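Undergrad: coordinates only, sequence not included:
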């Protein structure tokens, strides 16, 4: 199932030169655990809060790096102390931060409430993430894969995807948070990754239809392949005109924060040398492991842990 396990030394060197460029948000996360998520107007008491690195873009970059890929990150951090902390966190995972621009203003922040079942609610203050512009895209020499999300300006996402398409770079778009997208942008996407809610938001009038029909309709709008994450139900993916399913890995969830970003990063890292079926399975294993610890980046597994879970599980 897992392709290229016996790569020659020359082939491994070639794989390692396949740089992944991740362009997106970088935030400082403030997380608190509660017994039950608060209802509107309700105040609940929680545990001591956790302050840790986050942001969908930075999270996905860390997931890629820990899965063994060479990674460069493109984004904007503020002029406050959090900007320094977040740069150092990326660098500690070997991520190239030469394209992380410092901007006068507040670093992005996320405020996360986690229930006893591991589910969460998140409010994001974008801060200087909204300052990322087309001119921030570095040269794409040596880059084979670009990962984008929607916590930065949509016009920047579009410009980066257009540049990548011109350069022959594979484009992955994680369409999160949910946002209407036009067919022009979707037509630039090689791999679209969404959760069930984001899929329904993109499907519009077909939102109530079956999953396979939704994927078929959405594929007609441009993306070459689509993956939808389904939590405990695993994942489904559409490629070459067919829908495929991948089962979830059973774990005791503590905190689902960052699990989706873990899935995205590990999936794209695996696509450097695996087919989509094997890559989805590997990403699912990594996302499951991320749910067993608190936090976003701090919960993301390294390659050795992912390999152990895959080896111990009969699929």
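TA: Ah, there it is. If you're wondering where the values come from, they're calculated on a predicted model, not measured in any experiment.

Undergrad: which strand or helix spans the residue nearest to the spatial centre of the chain?
TA: Centrality entry for the chain: nearest residue to the mean C-alpha point is residue 261, 3.0 Å, by Cα atoms, centre = their mean. In the assignment (DSSP states H and E), residue 261 maps to helix 259-270.

Undergrad: just residue 159 next, same as before
TA: In this structure, residue 159 is located in helix 154-167 according to DSSP H and E.

Undergrad: in that helix, what counts as buried?
TA: Neighbour-count burial for helix 154-167 flags 156-165 (criterion: 16 or more other Cβ atoms under 10 Å). For glycine as for every other residue, the C-beta is placed from the backbone atoms N, C-alpha and C.

Undergrad: same question for stretch 283-303.
TA: Under the neighbour-count criterion of 16+ other Cβ under 10 Å, stretch 283-303 has 283-292, 294-301, 303 buried.

Undergrad: quick check: mean pLDDT of it?
TA: Taken as a whole, stretch 283-303 has a mean pLDDT of 92.

Undergrad: any idea how far that stretch is from the chain center?
TA: Going by Cα atoms, centre = their mean, to the nearest Å, the spacing between the C-alpha centre of stretch 283-303 and its chain's C-alpha centre is 12 Å.

Undergrad: okay, how far is it across that stretch, tip to tip?
TA: Its first and final residues considered, stretch 283-303 spans 11 Å by Cα to Cα, to the nearest Å.

Undergrad: coming back round to it: show me the buried residues of stretch 283-303 that map onto helices.
TA: Residues of the buried residues of stretch 283-303 located in helices (DSSP state H): 283-290, 303.

Undergrad: just for the stretch 101-250 of the chain, where's the confidence low?
TA: Residue ranges of the stretch 101-250 of the chain with pLDDT under 70: 205-208.

Undergrad: helices of that one, start to end?
TA: Read by DSSP state H, counting those that start in this stretch, the stretch 101-250 of the chain holds these helices, from start to end of the chain: 154-167, 183-186, 196-203, 211-219.

Undergrad: can you name every helix or strand that the first one contacts?
TA: Translated: helix 154-167. Counting by 3 or more Cβ pairs under 8 Å, 6 or more residues apart in numbering; DSSP states H and E, the packing neighbours recorded for helix 154-167 are strand 143-148, strand 170-174, helix 183-186.

Undergrad: quick one: contacts of stretch 266-281?
TA: The set of residues external to stretch 266-281 that reach it, using Cβ atoms under 8 Å, 6 or more residues apart in numbering, is 1-4, 7, 15, 18, 20, 60, 63-64, 67-69, 144-145, 147, 170, 172, 191, 193, 225, 227, 235, 237, 239, 244, 246, 282-283, 286-287, 306, 310, 315.

Undergrad: what does stretch 222-236 rub up against?
TA: 173, 183, 185-196, 199, 211-212, 215, 218-219, 237-239, 243-248, 256, 260, 263, 267, 276, 280, 283-284, 287.

Undergrad: kindly recompute the last result at 7 Å.
TA: Stretch 222-236 is touched from outside by 183, 186-187, 189-196, 199, 211, 215, 218-219, 237-239, 243-248, 260, 263, 276, 280, 284, with contacts defined as Cβ atoms under 7 Å, 6 or more residues apart in numbering.

Undergrad: repeat that for stretch 287-296.
TA: With Cβ under 7 Å, 6+ apart as the test, stretch 287-296 has contacts from 29, 31, 50, 52, 54, 59, 118, 248-249, 251-259, 261-263, 299-301, 305-306, 309.

Undergrad: which ones are touching residue 187?
TA: Residues touching residue 187, when contacts are defined by Cβ under 7 Å, 6+ apart, comprise residue 222.
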